[in-house]
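Asker: Have a look at this fold, sequence not included:
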């Protein structure tokens, strides 16, 4: 048997202490991805620290920020009245992910930490630089229909599979991280990494750190928003392309706008140039189309995912249209 | 079977057991001393095993045995020349990636799984090809005739027609993927007595295969398979993994259970093979077909040939004096395919029924009108009348229900924002079979009737149908009738396949009931009772606790005189998003023309299930292989997309429900296959009507719409 130590704790402090700086230790929350990875032989942690009993499930507003504990389930967040009222984009994105059963056990922190669903990553008989650096990228010249078009590297073209994270990057979330010395805040856009030369690293979480929760500033984006996920079946499928779109209109002009994409990069992909373009402009189809074109600068496809060069801008336009029609 | 909770007589007799978890499937049996088998599979695609290191596995905790070609336990047939090429554990050859090369048996499943990971093989690799299209293009690659060429009238007459088209259609590999994983429990006892709990569509077939491989008498082998969690064709043969498990049980003298993983469901229990088809159609300007040419190329394995009826439909479905077909199979280095619901015909109907729609468009005709105009009165292939065919009535019924009048013949006419709406229709057809089966009927003085036959129920509701046939004939309420199946010691019946069970076994039920009634009538007459006396009174009067009759039943000369088919019409309404390429099926109307409907609820379920399978074939299902490695990429339920509830709209199921006067005493024809056959073409045709885009490669995913 591949033995591992199973530890359970009830406080964040002791969880962090148990983690130490042990690279072979992992936190176990919902386990919806980690257990699969262990079964497939992709990962074999020596120490599993069950943090399900750590009290980090609160969802509440403090001042102008909404705090979400790292162990709140995807369902709890999606269905919470505060989230539905103040951050409906996040609620919609969560509901677009996985299945009801998975969302019931999957946590916010776990969602951020999930690994790519690239088939080469999961099959230990195939090459994958993310799983085993130096073995090559199976997807580059193989099956890459699901793969990235932005920020790719020669080492890896995998995408981050989360829907939730696409909404979080759009909403300027911050991640609260803690180690034995104390807490630090990290902008959500800096949490996940591009593959670069180190595709084995998905994010900037340090070996001694634990995700405590999120802080999301309140906004005026609860009226015109949409999360559009294009996929191969109507539910329980990863995004070919997804778009989180939200904006505020004052006097017929866009005063605040957020745009992010999923299924296109190694991390949730914020469309900053498109946002800058749209700000101060009318919410018109022509402007949406231009914003979508701006988003596609530097896009690069690999054969199987060529269609994303067309699907991505189209999905941006459709998401913006649907956000507009919500009013 | 327990039958409480029946709300009405048409309820599924085992519905209560199934929804309460009391129905016991093969993997749920626990035997004293049960051990667990886990397969080690090849990681190369072609070549030979040079070394197989099993010591570490053998030493691992709880391991009972590691069985491979190194210690091949006795399997008499495999020791002889001939037989299958891929004789499990009797060859060191690797025919495909993921082929079982060893079974590790341990006292727990987890220990067996771990120990299996310790078995290490080295190989002498050979060059391989898993790419069917590549093999087809390669003039040096082997190609075999899959079916005799067929010709009626002039060959390739379409080429000289007033209006003609020639198009190519591609279908990828589909994997059956029933919910229940495949496997077996084998319990080999001294004196060559074997009991298995199998997942099989035919307990007698499983019994026969095992007897043949191990050269032991049939009566030594007991096969149990009362409940099957979906088969769709993949449980129509006894797979090497089952033989491996039996070998293991024989070797260690203990019962062994093997349940494959979802990943292994892609590599060792068959699939619907990929197919490339070209259809040539010719018509005159009035819309009469003048030529049909259907050429099909189907995938098969390098170690075993597999064929199916891909080009059957073209030969008789439409009135046309000039028809020619060919069917060629192309071996690749993959596991051998097997029949999957609507085998062959579902593949062929996608191409033919798409092409028919394309021809209607070329003629600027309503595709429904075009089909009606070319509907044959008799079967031109067999030169016989149809035993029954109500297809025009079915066209009319379905057209009304879907709202065909709202369809515009010009594609892309119905637009609302980015959504385009379209309507499509297609036809499905499958041989209406009747085989030979035996049923034992035991009529008891307590007022009950017990019926027994070694048939199977992979889900269609066999027990329910048989109970209803008997109830109607005998005038006995359904809760007093029990139908036992899935047990090889019962009177023989064929495997459940080819939509033939109701016709075949149902006829034997009919014959048994008729015989029981006539025996009761005789007994009544002999004991001076009224001919209409209740059988309970007659049995009591004669001091008989029960009477027992076994009947074998099969069809007669009617098949020489008539062409017998079941038909279906599928109508769909789709909405296609021209920005995102998403296709939503918004409405489905299916009409079955399959004779008398014996069991209305389970018949409806069959049609619903067929439509759901059809949605998968049309929009979502595709098994993807990386041909550089010969390995599947999407071999799991997250990435192999079977339709989910959200993909399935309400399905309006309708039946013509008119008896076929010739096929069997019930007038009922099979319908498992026709529920699916043709469906994918209806979707493709609707997508064309919505958008003007003709998609000839399944599944119709968003990327294809945007291309």
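Answerer: In hand now; what should we look at? In this text, all values refer to a predicted model and were calculated from it rather than measured experimentally.

Asker: Up against chain B, what does the stretch 151-300 of chain A have?
Answerer: Proximity of the stretch 151-300 of chain A to chain B (CB under 8 Å from any CB of the partner chain) is limited to residues A:228, A:230, A:232-238, A:240. The C-beta positions use only the backbone N, C-alpha and C, and glycine is treated the same way.

Asker: One more pass at 6 Å, please.
Answerer: Within reach of chain B by CB under 6 Å from any CB of the partner chain, the stretch 151-300 of chain A has these residues: A:230, A:232-237.

Asker: List the buried residues in the helix ranked longest in chain A.
Answerer: Across chain A, the helix with the greatest residue count (assigned by DSSP state H) is helix A:308-325. Within helix A:308-325, the residues scored as buried using 16 or more other CB atoms under 10 Å in any protein chain shown are A:308, A:310-324.

Asker: now that helix: mean pLDDT?
Answerer: With pLDDT averaged residue by residue, helix A:308-325 scores 98.

Asker: Tell me, please, where in chain B the pLDDT is lower than the cut-off.
Answerer: B:1-7 (pLDDT under 70).

Asker: meant to ask about the stretch 201-327 of chain A
Answerer: Within the stretch 201-327 of chain A, the ranges that satisfy pLDDT under 70 run A:327.

Asker: Tell me where it has helices.
Answerer: Here the stretch 201-327 of chain A has its helices, by DSSP state H, counting those that start in this stretch, at A:272-278, A:285-295, A:308-325.

Asker: Let me have those in CSV, adding distance to residue A:259 as columns.
Answerer: Formatted as CSV, these follow (distance: least, CB to CB, whole Å):
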stretch, distance to residue A:259
helix A:272-278, 5
helix A:285-295, 7
helix A:308-325, 7
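
Asker: Relative to its centre, which residue of chain B is most distant?
Answerer: Ranked by distance from the centre of chain B (CA atoms, centre = their mean), the top residue is residue B:528, with 51.5 Å.

Asker: separation between the residue of the stretch 1-150 of chain A found nearest chain B and residue B:639?
Answerer: Residue of the stretch 1-150 of chain A nearest chain B, by CB to the nearest CB: residue A:119 (4.0 Å). Note on residue A:119: its distance to residue B:639, by CB to CB, to the nearest Å, is 7 Å.

Asker: tell me the contacts of residue B:169?
Answerer: B:277, B:351, B:696 (CB atoms under 6 Å, 6 or more residues apart in numbering or on different chains).

Asker: which of those has the most neighbours?
Answerer: Tallying neighbours with other CB atoms under 10 Å in any protein chain shown puts residue B:351 at the head of those, with 29 neighbours.

Asker: Tell me which residues of the helix or strand hosting that residue come out buried.
Answerer: Element membership for residue B:351 (DSSP states H and E) is helix B:345-362. By neighbour count on 16+ other CB under 10 Å, the buried set for helix B:345-362 is B:345-361.

Asker: domains of chain B?
Answerer: Here the domain parsing of chain B from automatic domain parsing is B:32-126+B:179-230+B:235-266, B:275-433+B:560-706, B:435-554.

Asker: most neighbours per residue, which of these?
Answerer: Mean neighbour count (mean count of other CB atoms under 10 Å in any protein chain shown) peaks for domain B:275-433+B:560-706 among the domains of chain B, with a mean of 22.

Asker: Now do that one: distance to the chain's middle.
Answerer: The chain centroid and the centroid of domain B:275-433+B:560-706 are separated by 15 Å, computed with CA atoms, centre = their mean, to the nearest Å.

Asker: and it, how far apart are its ends?
Answerer: 24 Å (CA to CA, to the nearest Å).

Asker: List the contacts of the residue of the stretch 151-300 of chain A found nearest chain B.
Answerer: Distance from chain B to each residue of the stretch 151-300 of chain A (CB to the nearest CB) is smallest for residue A:234, at 3.6 Å. Under the criterion of CB under 6 Å, 6+ apart, the neighbours of residue A:234 are B:646-647.

Asker: follow-up on the earlier one: of the domains of chain B, which is nearest chain A?
Answerer: Across these, chain A has its closest neighbour in domain B:275-433+B:560-706 (3.6 Å, CB to the nearest CB).

Asker: Grab the nearest non-local neighbour of residue A:20.
Answerer: Leaving out its chain neighbours, the residue that sits closest to residue A:20 by CB to CB, 6 or more residues apart in numbering or on different chains is residue A:208, at 6.8 Å.

Asker: so the one you found makes contact with residue A:21?
Answerer: Yes - Residue A:208 is within contact range of residue A:21, at 4.9 Å (criterion: CB atoms under 6 Å).

Asker: quick one on the thing from earlier: identify the residue nearest the residue of the stretch 1-150 of chain A closest to chain B in space, chain neighbours excluded?
Answerer: Spatially, and ignoring its direct neighbours in sequence, residue A:119 is nearest to residue B:633 (4.0 Å; CB to CB, 6+ apart).

Asker: so who does the one you found touch?
Answerer: Taking CB under 6 Å, 6+ apart, we find residue B:633 in contact with A:119, A:143, B:624, B:626.

Asker: what do you get for residue B:32?
Answerer: By CB under 6 Å, 6+ apart, the contact list for residue B:32 is empty.

Asker: Then residue A:64?
Answerer: Going by CB under 6 Å, 6+ apart, residue A:64 touches residue A:218.

Asker: Go again with 8 Å.
Answerer: Residues near residue A:64 by CB atoms under 8 Å, 6 or more residues apart in numbering or on different chains: A:217-218.

Asker: After the helix or strand containing residue B:186, which helix or strand is next?
Answerer: Residue B:186 is part of strand B:183-189 when elements are defined by DSSP H and E. As assigned by DSSP H and E, the chain's next helix or strand after strand B:183-189 is strand B:193-198.

Asker: so residue B:204 makes contact with residue B:454?
Answerer: Yes - here residue B:204 lies in contact with residue B:454, judged by CB atoms under 8 Å, at a distance of 5.2 Å.

Asker: any residues in contact with both of these two?
Answerer: B:488, B:492-493.

Asker: Using CSV, lay out the residues you listed together with distance to residue A:66 and secondary structure.
Answerer: Converted to CSV, the shared contacts of residue B:204 and residue B:454 look like this (distance: CB to CB, whole Å; DSSP: H, G, I helix; E, B strand; the rest coil):
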residue, distance to residue A:66, secondary structure
B:488, 64, coil
B:492, 69, coil
B:493, 64, coil
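
Asker: tell me the contacts of residue B:615?
Answerer: Residue B:615 neighbours (CB under 8 Å, 6+ apart): B:585, B:643, B:647-648, B:679, B:683.
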